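Engineer: Sequence and predicted model, in that order:
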Amino acid sequence: MLDKIDLEILRLLQENARISNAELARELGMVPSGMLERVKKLEQKNVILHYHTRINPVALNQNMLAFVFLKVSPANDYKVTATILSDVPEIQEIHQLAGDDCYLLKIRTYDTTSLMHIMRNSISKLPHILSTRTTIVLETVKEQQQMVIPQNK
């Protein structure tokens, strides 16, 4: 169970994962040792999963963002498919879906040529594929990984 202080810690860390333990403690009116213990408990409980650096994809010339809907045969072993897809580095997200399609993939790469290469050499070679539908993003209006953290509990 997360209390009000835990939620504030999460809010501050989500805004700036590089915030120091001393600054966290100062912001919340606690001693640094108590703050360190709380953060470690949040990590141990898998509330805090990882600390990330967000890199501008344009700086790496990765200007192509596409979403691929993937439909596979019911005879498919979904765990095998997910494992194979997870090994493709350009696939940033894999979501198993309810409905007509089985998976939604988020792929970031350089251009249409590199996207086509991924589609032909990685995705289309998966067993039991019935169809793919690809949507290319023209402009990203909002993209975030941050969670909505309740204010009061």
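Structural biologist: Thanks, I have the structure now. Residues are numbered from 1 along each chain as shown.

Engineer: From now on I want contacts and neighbour counts done on CA atoms only, so please keep to that.
Structural biologist: OK.

Engineer: For the residue lying closest to residue 91 once chain neighbours are set aside, give me its contacts.
Structural biologist: Nearest-residue entry for residue 91: residue 107, 4.4 Å, with adjacent residues in sequence omitted and distances by C-alpha to C-alpha, 6 or more residues apart in numbering. The neighbours of residue 107, taking C-alpha atoms under 8 Å, 6 or more residues apart in numbering as the test, are 65, 66, 67, 68, 90, 91, 92, 93.

Engineer: PyMOL command to pick out the buried ones of these?
Structural biologist: Command for PyMOL that selects the buried part of those, burial taken from 16 or more other C-alpha atoms under 10 Å:
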select buried, resi 65+66+67+68+90+91
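
Engineer: okay if I get the contacts of residue 107 as a markdown table plus distance to residue 131?
Structural biologist: Output for these, formatted as a markdown table (distance: C-alpha to C-alpha, whole Å):
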| residue | distance to residue 131 |
| --- | --- |
| 65 | 20 |
| 66 | 16 |
| 67 | 14 |
| 68 | 10 |
| 90 | 20 |
| 91 | 18 |
| 92 | 20 |
| 93 | 19 |
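
Engineer: Break the chain down into its structural domains.
Structural biologist: Following automatic domain parsing, one gets these domains for the chain: 4-44, 57-136.

Engineer: got those as TSV, with distance to residue 147 and mean pLDDT columns?
Structural biologist: As requested, the domains of the chain are arranged in TSV below (distance: least, C-alpha to C-alpha, whole Å; pLDDT from 0 to 100):
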stretch	distance to residue 147	mean pLDDT
domain 4-44	8	96
domain 57-136	16	94
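
Engineer: Show me the one of the ones you listed that comes nearest residue 149.
Structural biologist: Residue 149 lies closest, by C-alpha to C-alpha, to one member of those: domain 4-44, at 6.5 Å.

Engineer: quick one: the helices in this structure?
Structural biologist: Per DSSP state H, the chain carries helices over the ranges 4-15, 21-28, 32-44, 78-86, 112-118.
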